[in-house]
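# Structural data only, the sequence is not supplied:
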Ligand SMILES: Cc1cc2nc3c(=O)[nH]c(=O)nc-3n(C[C@H](O)[C@H](O)[C@H](O)COP(=O)(O)O)c2cc1C
């Protein structure tokens, strides 16, 4: 019997129609650029960005899991400097009081018993605000560091499903249990204390393939997808098909989120010029080369030509849609995304502090006027 859900302090389930967050402040964000002002994950920067988000009522602060950068042999490249997402989430939890903190786990790199206990601990530190982003891993060189082969694609998700099943049982079981699957064998398993959120912290999943979508719809509360088009009508079709799939196949309601690199300036031209400046003129070409090569070798379905065409897009911050323009333009795009059924969106910036300051000042009030978000009432309650 499943325990009823109780997650009163997690804003992921709050009333705002369009939820917002930041992505990747435990690393360099998602842009591949060599500009001077690019974000670096010093602890000062981590706490400043987290508190800027928290004080403005953002719902999500999401850490990614990456173990090495994309440039073979270059240990000091900015893309390879990444704080551990679990200890990052614990520290951010202590520095904030409202936003959900997301830790990301690579299932092949951490045993489920260790992950379950880390999650319970962060959930307790945060007062019930943890979300667990579960990823199977796709980047061969980083998994090879663990002596763990990159499994065949379907098997990756089978492994991930067993891993998550064990974690969920550890979060809820009142007795010791044994588990024997194709990938894991545990005996007399238990983990105390269990998380504050019941039956456990929500799960995020960002699988892009058919298998990934099935896994997410079955297991996740928050599903990430990359929108295939720039056309709001097509957004609505893609998002509603995703939600309908979760209902039809698994009888579940899921939130659909996406993520977007953002450049906000006073004019459209200034915003586009800056995008060109950091993603083309000052592109970190070696890092982009490494990503193209890695995806061609291990990803699913994308040809090397497609990947090459995506170079600039990827350098700009990856993801599907970019939010580039004036505050009004960005507010309008976000309104359209919400009207298309999107539940939430994560932002990334070249310079998070500058970008978030502009967004909080100019765009957030417009979203509030339009009823997409309520003015944040918790302001001032942020942790010292
Ligand atoms: C918002 C978002 C966050 C992601 N975070 C990570 C991450 O932290 N680490 C990682 O290895 N992959 C991450 N991924 C990649 C996905 O886990 C997944 O490998 C990718 O979307 C390909 O999906 P597929 O395996 O179903 O083909 C992320 C993807 C998205 C869209």
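Received the coordinates, thanks. Keep in mind that this is a model prediction, so the values were computed, not measured. Residues are numbered from 1 along each chain as shown.
# and residue 345, that one's in a strand?
Yes: assessed by DSSP: H, G, I helix; E, B strand; the rest coil, residue 345 belongs to a strand.
# Could you check how many residues crowd around it?
24 (other C-beta atoms under 10 Å). Any C-beta I mention is one placed from the backbone N, CA and C, and that applies to glycine too.
# distance of it from residue 152?
Per C-beta to C-beta, to the nearest Å, residue 345 is found 32 Å from residue 152.
# dump the residue contacts of the residue of the stretch 201-350 of the chain found nearest the ligand.
At 2.4 Å from the ligand, residue 212 is the closest residue in the stretch 201-350 of the chain, using C-beta to the nearest ligand atom. Counting by C-beta atoms under 8 Å, 6 or more residues apart in numbering, residue 212 touches 136, 157, 205-206.
# now do 7 Å
By C-beta atoms under 7 Å, 6 or more residues apart in numbering, residue 212 lies in contact with residue 157.
# pLDDT wise, what is it at?
Per-residue confidence at residue 212 stands at 96 (pLDDT).
# Mind listing what's buried along the helix or strand harbouring it?
Applying DSSP states H and E as the criterion places residue 212 in helix 210-219. For helix 210-219, the neighbour count (16 or more other C-beta atoms under 10 Å) marks 211-217, 219 as buried.
# what pLDDT does the nearest residue in space to residue 234 that is not next to it in sequence get?
Among residues not flanking residue 234 along the chain, residue 228 sits closest, at 6.8 Å (C-beta to C-beta, 6 or more residues apart in numbering). At residue 228, the model reports a pLDDT of 85.
# can I assume residue 228 sits in a strand?
No: using three-state DSSP, the assignment for residue 228 is coil, not a strand.
# right, and it touches residue 239 too?
No: counting by C-beta atoms under 7 Å, residue 228 stays clear of residue 239, with 10.9 Å between them.
# quick one: which of the two has more around it?
residue 239 (21 against 12).
# Backbone torsions only: list them for that one.
Taking degrees, to the nearest 10, you get phi -70, psi -40 for the backbone angles of residue 239.
# Which residue, other than its chain neighbours, is closest to it?
Distance criterion C-beta to C-beta, 6+ apart; nearest residue to residue 239, sequence neighbours excluded, is residue 341 at 4.1 Å.
# Is residue 315 part of a helix or strand, or is it coil?
Residue 315 ends up helix, using three-state DSSP.
# Pull up the gap between it and residue 174, please.
For residue 315, the distance to residue 174 - C-beta to C-beta - is 50 Å.
# More neighbours: which of those two?
Higher neighbour count among residue 315 and residue 174: residue 315, with 24 against 7, using other C-beta under 10 Å.
# ok, that one - contacts?
Under the criterion of C-beta under 7 Å, 6+ apart, the neighbours of residue 315 are 31-33, 279, 283-284, 288.
# what stretches of this structure score poorly on pLDDT?
1, 298-301, 378-384 (pLDDT under 70).
# Can you show me the helices along the stretch 51-200 of the chain?
85-95, 112-125, 140-144, 153-172 (DSSP state H, counting those that start in this stretch).
# closest one to residue 358 among these?
Closest to residue 358 of these, according to C-beta to C-beta: helix 85-95, at 21.9 Å.
# Identify all contacting residues around the closest one.
For helix 85-95, contacts defined as C-beta under 7 Å, 6+ apart pick out 26, 46-47, 50-51, 61, 63-65, 101-104, 118, 122, 125-126, 129-130, 383.
# Among those, which are located in strands?
Mapping the contacts of helix 85-95 onto strands (DSSP state E) picks out 61, 101-104, 130.
# quick one on the thing from earlier: that's a helix at the residue nearest to residue 239, yeah?
No: under the criterion used here (three-state DSSP), residue 341 is coil, not part of a helix.
# So it is in contact with residue 240, correct?
Yes: between residue 341 and residue 240 there is a contact at 5.6 Å, judged by C-beta under 7 Å.
# Hmm, residue 327 and residue 362 touching each other?
Yes: Residue 362 is in contact with residue 327 according to C-beta under 7 Å; the separation is 3.6 Å.
# list residues touching both of those two?
Counting by C-beta under 7 Å, 6+ apart, the shared contacts of residue 362 and residue 327 are residue 264.
# In TSV: the ones in strands among the contacts of helix 85-95, plus distance to residue 356 and neighbour count.
Conversion of those to TSV gives the following (distance: C-beta to C-beta, whole Å; neighbours: other C-beta atoms under 10 Å):
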residue	distance to residue 356	neighbour count
61	11	29
101	16	30
102	17	27
103	21	29
104	21	23
130	22	30
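# Also within reach of the ligand: list those from those.
Among the ones in strands among the contacts of helix 85-95, the ones lying near the ligand by C-beta under 6 Å from any ligand atom are residue 104.
# out of the ones in strands among the contacts of helix 85-95, who's nearest residue 372?
Ranked by distance to residue 372 (C-beta to C-beta), the ones in strands among the contacts of helix 85-95 are led by residue 61 at 19.6 Å.
# Okay, and the beta partners of the closest one?
Taking DSSP bridges as the rule, residue 61 bridges to residue 22, residue 101.
# Pull the number of nearby residues for the closest residue to the ligand within the stretch 51-200 of the chain.
Using C-beta to the nearest ligand atom, the single residue of the stretch 51-200 of the chain nearest to the ligand is residue 64, 3.2 Å away. Using other C-beta under 10 Å, residue 64 has 21 neighbouring residues.
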